[in-house]
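Asker: Quick one: sequence plus predicted model below, questions after.
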Amino acid sequence: MTDRTGVLLIHGLGGTQYDLGSLHKAVRRAGGDTHMLTLPGHGTRPEDLVGVSAEAWLDSVTEQYQTLAAEYDTLHVAGMCMGALVALLLCHRVQHARGKLALLAAPVFIDGWSTPWYRGLRYVLYRVPGVAERLRVDEGEPFGIKNPLIRAIVKKKFERGDSFHYPWVPLDCIREVDRMRSWVRTAAPATPCSTLVLHAREDELTSLRSAEFLQAAMPDARSVVLENSYHMICADNDRDDVARHVLKFFGFDPVHAVSPAMARRQAQPAS
């Protein structure tokens, strides 16, 4: 009898399943089942994030995890950006031993090359009544994408108002992410599951310091540095390599990282 393998995928702040690109398709091609939940405050309007706590995000993924753990022999967890913070905290909370953990562009530190010098002032604004709820943090170029063609597509999606990602988030929920970043720095050394850390060298939101911290702090972590992407590594130039690394780490055949049709196109000689 073949063991059933599930993979719980967790999206980022303001995002949806599209944050993880086609990773869910790669897992399915490889023979695993993927499960993606919509975090509280997501999938509707940015305003709905106001007042949503980090605890609510963590509780929702814990409930989903517990349901899946009863269904699968092996259960892996992967998170992108804020979803990586949630994934680590989940695995710490449940002392995850049913599978492995993949952390994709985890923002343990907000110190990437595009972050403004005054980013630390947000901690002052958090203490001013009503400001964090009213202040908007807009999504702007380069949208986490190094590839100019993909970036142009993402920009058009924002201009059309497509529902793949919120165009802005309230400062109020950035405060909740900051709370989780603090929790992660404490939880990492006590999260024993085998962990893969994937991070782009040119990540504009969070530098390699985040990946270096996780590899050093976690008991069983290894890291891979991606050389041709910005923050959104599942959608950028290194997306196929991300899928290969995750599939191999989770025990799947990495040949399934790319769809057969795409593999054929990539194999065709340039005219």
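Answerer: Arrived safely, thanks for sending.
Asker: Strands of the stretch 51-200 of the chain, start to end?
Answerer: In the stretch 51-200 of the chain, the segments counted as strands under DSSP state E, counting those that start in this stretch are 74-80, 101-104, 136-138, 168-170, 195-200.
Asker: Quick one: list the elements packing against the second one.
Answerer: Put plainly, it is strand 101-104. Using 3 or more CB pairs under 8 Å, 6 or more residues apart in numbering; DSSP states H and E, the elements in contact with strand 101-104 are strand 74-80, helix 82-94, strand 195-200, helix 239-249. For glycine as for every other residue, the C-beta is placed from the backbone atoms N, C-alpha and C.
Asker: Which strands border the one helix or strand residue 8 maps to, and is each parallel or antiparallel?
Answerer: Residue 8 belongs to strand 5-10 when elements are defined using DSSP states H and E. With DSSP bridges as the test, strand 5-10 is paired with strand 33-36 (parallel), strand 74-80 (parallel).
Asker: Turn those into CSV, columns for mean pLDDT.
Answerer: As requested, the strands paired with strand 5-10 are exported to CSV (pLDDT from 0 to 100):
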stretch, mean pLDDT
strand 33-36, 96
strand 74-80, 98
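Asker: Quick one: closest of those to residue 253.
Answerer: With distances scored as CB to CB, the stretch of these nearest to residue 253 is strand 74-80 (14.8 Å).
Asker: Return the set of buried residues in the closest one.
Answerer: 75-80 (16 or more other CB atoms under 10 Å).
Asker: what angle sits between it and helix 82-94?
Answerer: Per axes from the mean of the first three to the mean of the last three CA atoms, to 10 degrees, the angle that strand 74-80 makes with helix 82-94 is 140 degrees.
Asker: hang on, the earlier thing: what I need now is the strands of the stretch 51-200 of the chain written out in TSV, including distance to residue 223 for each item.
Answerer: Converted to TSV, the strands of the stretch 51-200 of the chain look like this (distance: least, CB to CB, whole Å):
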stretch	distance to residue 223
strand 74-80	15
strand 101-104	9
strand 136-138	28
strand 168-170	27
strand 195-200	4
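Asker: of all these, which lies closest to residue 52?
Answerer: It's strand 168-170; of these, that one is closest to residue 52 (CB to CB) at 9.4 Å.
Asker: For that closest one, name the packing helices and strands.
Answerer: Using 3+ CB pairs under 8 Å, 6+ apart: strand 168-170 touches helix 131-134, strand 136-138.
Asker: Could you export the ones you listed as JSON lines, including distance to residue 95 and mean pLDDT?
Answerer: Shown next, in JSON lines, are these (distance: least, CB to CB, whole Å; pLDDT from 0 to 100):
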{"stretch": "helix 131-134", "distance to residue 95": "33", "mean pLDDT": "93"}
{"stretch": "strand 136-138", "distance to residue 95": "34", "mean pLDDT": "93"}
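Asker: Pick the most deeply packed of the ones you listed.
Answerer: helix 131-134 (a mean of 14; mean count of other CB atoms under 10 Å).
Asker: As CSV, could you dump the C-alpha coordinates of that helix?
Answerer: What follows is helix 131-134 as a C-alpha-only set of coordinates in CSV (Å, rounded to 0.1, in the frame of the first residue of the first chain):
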residue,chain,number,x,y,z
VAL,A,131,-3.0,55.6,12.2
ALA,A,132,-2.1,52.0,11.5
GLU,A,133,-5.7,51.2,10.6
ARG,A,134,-5.9,54.1,8.1
